[in-house]
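>>> Structure for the following, please:
(one chain, ligands or ions: 1)
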Amino acid sequence: MVTSGANRTGGLIWHWRAWRARSRWAQTREAIARWLAGVSPVSEHLLLIGPSAGWMMPADFLSRFSRIDAIDIDPIAPILFGWRHGASLRSAGTRWQFHREDALAGLGHVLERWPQASIFFDNVLGQQIYRFTDLPGLERRLARLSSELSGRDWGSVHDWMSGPARPSALVPAAIWQPVEMTVEPRGYRLDGRALSVDDCAQTLLARLGATGDWQDHLVSQVFAPGTRVTMIPWAFRPQKWHWLQAGWVDGSA
Ligand SMILES: C[S@@+](CC[C@H](N)C(=O)[O-])C[C@H]1O[C@@H](n2cnc3c(N)ncnc32)[C@H](O)[C@@H]1O
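Numbers count the residues shown, from 1 in each chain. Take a look at the predicted model:
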């Protein structure tokens, strides 16, 4: 599969944006932290894919591991990750090491190299639309992930959809409520109802007062049917919102 070249999912622009938006992103960061606090990785060794500087990552979660191997194509990520998380990781006794490589292109090799580690895709899978030109091929690639990861303990938070929204007209507290759903063969179960992916998207977009066209991040087949997912809203820019999808798969189940 062909990538578009430059890293349009990370790098300096991402770091600048994340630093400037840190207060607007706080509620989403806290929702991710609450979700991560409820997952139970089986290993003390974490394979963290696409962490960048860990702008959205709670130190509490990282400190649960004795060792972290982080994989990111961004050469600046290790320095900024150390700056943001180094002190708490050192005080927890967590060792960490960065590897600059494409974790999706080399996933087979990555899985073989660390066969026992729990794996977390940290807002990276939904970002691949910015790297690949063959989008149908990318969607098929992402749909194969759950079988490639079969037997492994793994999770992901990723962009599900993004686009323009003006939710200020709605009740703010309701907007920030994460939405719990279960993946079904052709959509999701939401509030006891089986919905197609499109109907589910319409329900979630209505919650945010979505306007205009929304981008599908091609991740709707990343998790296999039966996986519980938590949908988390993210005010990426004041009038450009994302729905993030977070899920964890217990490889021993
Ligand atoms: C949206 S940023 C992730 C942000 C990060 N989770 C945080 O909290 O700051 C996506 C990251 O994934 C990295 N990335 C994208 N595709 C990758 C790949 N195939 N392999 C490894 N890293 C990748 C980018 O360099 C970038 O740092």
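>>> Could you give me the buried positions within stretch 53-71?
Neighbour-count burial for stretch 53-71 flags 53-59, 61-65, 67-71 (criterion: 16 or more other Cβ atoms under 10 Å). All C-beta spots, glycine's among them, are computed from the backbone N, C-alpha and C.
>>> Briefly note if that stretch comes near the ligand.
Yes - applying Cβ under 6 Å from any ligand atom, one finds stretch 53-71 in contact with the ligand at 53-57, 71.
>>> What distance separates the opening and closing residues of that stretch?
11 Å (Cα to Cα, to the nearest Å).
>>> still on that earlier bit, in helices, which of the buried residues of stretch 53-71 fall?
Secondary structure defined by DSSP state H assigns 59, 61-62 of the buried residues of stretch 53-71 to helices.
>>> and of those residues, the nearest to residue 172?
Among these, residue 61 lies closest to residue 172 (Cβ to Cβ), at 26.3 Å.
>>> Spatially nearest residue to that closest one (excluding sequence neighbours)?
Sequence neighbours aside, residue 36 is the residue nearest to residue 61 in space, at 4.3 Å (criterion: Cβ to Cβ, 6 or more residues apart in numbering).
>>> give me the number of residues near that neighbour?
Neighbour count for residue 36, taken as other Cβ atoms under 10 Å: 20.
>>> Where does the prediction get shaky in the stretch 51-200 of the chain?
For the stretch 51-200 of the chain, the stretches with pLDDT under 70 are 168-171.
>>> Quick check: residues of it near the ligand?
When proximity is defined as Cβ under 6 Å from any ligand atom, the stretch 51-200 of the chain approaches the ligand at 51-57, 71-74, 77, 102-104, 122-124, 127, 131.
>>> Buried ones among those?
By neighbour count, with 16+ other Cβ under 10 Å, these hold 51-57, 71-74, 77, 103-104, 122-124, 127, 131 as buried.
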